[in-house]
Structures are given as C-alpha cells and as structure tokens.
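In: Sequence first, then the predicted structure, then my questions.
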Amino acid sequence: MNDNQLVVQESGALMALISKAATDPSMDVAKLKELLEVKERWEAGEARKAFVRALADFKQSPPKIAKNKHVGFAARDGGAGADYWHATLDHVCDQIGEGLSRNGLSFRWETKQDDKGMIAVSCVLQHVLGHSERVTLQGMPDASGKKNSIQQVGSTVTYLQRYTLLLATGLATGVQDTDGVPPDDDEPRADPWTDELKKTAKEAAEKGRASYASWWKSQSREFREAAVETSVHADFKAME
C-alpha cells in the first residue's frame, strides 16, 4: 500500500467514526461540525505533505529538456531580427507529463486577458489527493515577426504556458550549444554582430577552427552570451 492509498484509507476510517458519532443522540450539530472541520484540516494537511513528497520524488530523476527548435526571422522595420533556440511546448509537455503522472501529479493551465490586452497564464500543478499550487506569468501579445493579431496572442499564451510549467516543476531547459556560456533565456535578441566583429571573426576563422576559438574566447562575456546561439557564430565555427 502506497502513501496515497494509506491516506485515503485513514480518511475513510475517520469519516466512519464521525458517521458513528452522528448517530449518537447526545451529539449536537455544533460538535459534529467541529469534527467535520477537523477531518477537512487533516485531509488538507495530508494532501499537502503528499504533494511535497511527490514533487521531491519527481525531481530525483528530472527529465532533460533540450531546446529543440530554432527560430530566425528578420524584423519588419529592417532592424535586428531574431535568431535563437527554444524548447517547444509539446516537447516540454511530453518530457514533463510522464514523470509527473508516475508520481500522482498533473498540470493544467488557466488563461485570462484583461481589457488592456495583458495576458495572464497560470499553471496549476495538482496532486491526486487534491492539493494544488500555481505559478502565474503575464505578458502582452507578441508582435515580433509577421504575426497577425490572433497569432500574437497565441504566441504569448504558448510562451507563458511553457515557462509557467517549467517554473511550477522547478525545471529549466538545456541549450543547443553554449560553448560554455550559460544563456540568459530564449527571448529574441538584437543582432550583436557589428560589421567590424564579423570582419575580424572571419579573418580568424579563415585561419582555422583553433584560430577562431581563440578569437571567440578573447571577446567580452556579454558579446559571447548574446552571440553564442546565432547562425553567424555557427557558420564561423564550421569554417575550415
């Protein structure tokens, strides 16, 4: 018998005692109400403890979530576009859902949008015994790229669903290739490559991979963090 089954059994036994007490002519309504409130508090406490145990068990063997999709597009106004990797929502759900289910946990989302357009997404993580906890994030519709108004809302909802689930479970996504530089996040970024940087990088890359690696390490950490996932960096790395 596992912990969850034991809690259900003990709750049933407690309810049986309350039912028996209810048949006693000397038991008044106030006393019966107190007994029921005690039972509810006990069940809530046990459910909360079971939730904590289940989440701890889940984290003993956490799924590895790689950033599995590359996004790249030019800005509408001709400025800096986007070039980044991220973990898709279906990929995150597939990796997390199975592990949660094995531990008696499940998740769902609740979504709202106010009259100013602000979108709020809550991820509700719930245990089979009833205890639940939630994480909420907010954001405006995503106007990047060439999205229409519906796609802008959908993009933000998907983004918030992905990150509320990761936050609720205490997980993080891995990166495609960081060259030892931890990325900040997978938000679209301005192009960090100036013409001068491209010129000196190309000169180094044309001398071989070791030369480019040395050039890369000589650059500032801020630049490397911004440029590590760009196609420009990947192209220079691949040059012979």
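Out: Structure's in. What do you need? Numbering: from 1, shown residues only.

In: okay, CA-based contacts and neighbour counts for the rest of this
Out: Noted.

In: Residue 128 contacts residue 103, doesn't it?
Out: No - contact criterion C-alpha atoms under 8 Å: residue 128 and residue 103 do not qualify, at 9.1 Å.

In: So for these two, which sits in the more crowded spot?
Out: residue 103 (18 against 15; other C-alpha atoms under 10 Å).

In: Which SSE is immediately downstream of the helix or strand of the chain with the lowest mean pLDDT?
Out: Least confident element among the helices and strands of the chain, by mean pLDDT, DSSP states H and E: helix 3-22 (a mean of 62). Counting by DSSP states H and E, the next helix or strand C-terminal to helix 3-22 is helix 29-60.

In: all helices in the protein, in order from the N-terminus.
Out: Residue ranges of the helices in the chain, as given by DSSP state H, are 3-22, 29-60, 89-102, 149-169, 195-205, 209-218, 221-227, 231-238.

In: so what are the domain limits for the protein?
Out: Domain ranges of the chain: 3-60, 69-169, 195-238, per automatic domain parsing.

In: weakest of those in terms of mean pLDDT?
Out: Least confident of the domains of the chain, judged by mean pLDDT, is domain 3-60 with a mean of 75.

In: centroid residue for this structure?
Out: residue 166 (1.9 Å; C-alpha atoms, centre = their mean).

In: picking up where we left off before, can you say which of the helices of the chain is packed in most?
Out: Compared across those, helix 149-169 shows the largest average neighbour count, a mean of 19 (mean count of other C-alpha atoms under 10 Å).

In: what's the angle from it to helix 29-60?
Out: Comparing the axes of helix 149-169 and helix 29-60 via axes from the mean of the first three to the mean of the last three C-alpha atoms, to 10 degrees yields an angle of 100 degrees.

In: which helices and strands sit right next to helix 149-169?
Out: Taking 3 or more C-alpha pairs under 8 Å, 6 or more residues apart in numbering; DSSP states H and E as contact, the helices and strands that helix 149-169 lies on are helix 89-102, strand 105-113, strand 119-127, strand 132-139.

In: Now render the ones you listed as TSV, adding distance to residue 201.
Out: Output for the helices and strands packed on helix 149-169, formatted as TSV (distance: least, C-alpha to C-alpha, whole Å):
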stretch	distance to residue 201
helix 89-102	35
strand 105-113	45
strand 119-127	42
strand 132-139	37
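
In: looking at the ones you listed, which is closest to residue 229?
Out: Between residue 229 and the helices and strands packed on helix 149-169, the tightest spacing by C-alpha to C-alpha is seen for helix 89-102, at 19.7 Å.

In: What helices and strands are in contact with that closest one?
Out: Applying 3+ C-alpha pairs under 8 Å, 6+ apart, one finds that helix 89-102 contacts helix 29-60, strand 105-113, helix 149-169.

In: Any chance of the ones you listed in CSV with distance to residue 230 as columns?
Out: Shown next, in CSV, are the helices and strands packed on helix 89-102 (distance: least, C-alpha to C-alpha, whole Å):
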stretch, distance to residue 230
helix 29-60, 32
strand 105-113, 32
helix 149-169, 20
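
In: For residue 204, which of the helices and strands packed on helix 149-169 is the nearest?
Out: helix 89-102 (37.3 Å).

In: Can you list the neighbours in contact with that closest one?
Out: 55, 58, 62-65, 68, 106-107, 158-159, 161-162 (C-alpha atoms under 8 Å, 6 or more residues apart in numbering).

In: closest to residue 210 among these?
Out: Within these, the smallest distance to residue 210 is 27.7 Å, found for residue 68 (C-alpha to C-alpha).

In: ok, the residue nearest to that closest one when sequence neighbours are not counted - contacts?
Out: Spatial nearest neighbour of residue 68, excluding adjacent residues (C-alpha to C-alpha, 6 or more residues apart in numbering): residue 87 at 5.1 Å. Contacts for residue 87 (C-alpha under 8 Å, 6+ apart) come out as 65-69, 173.
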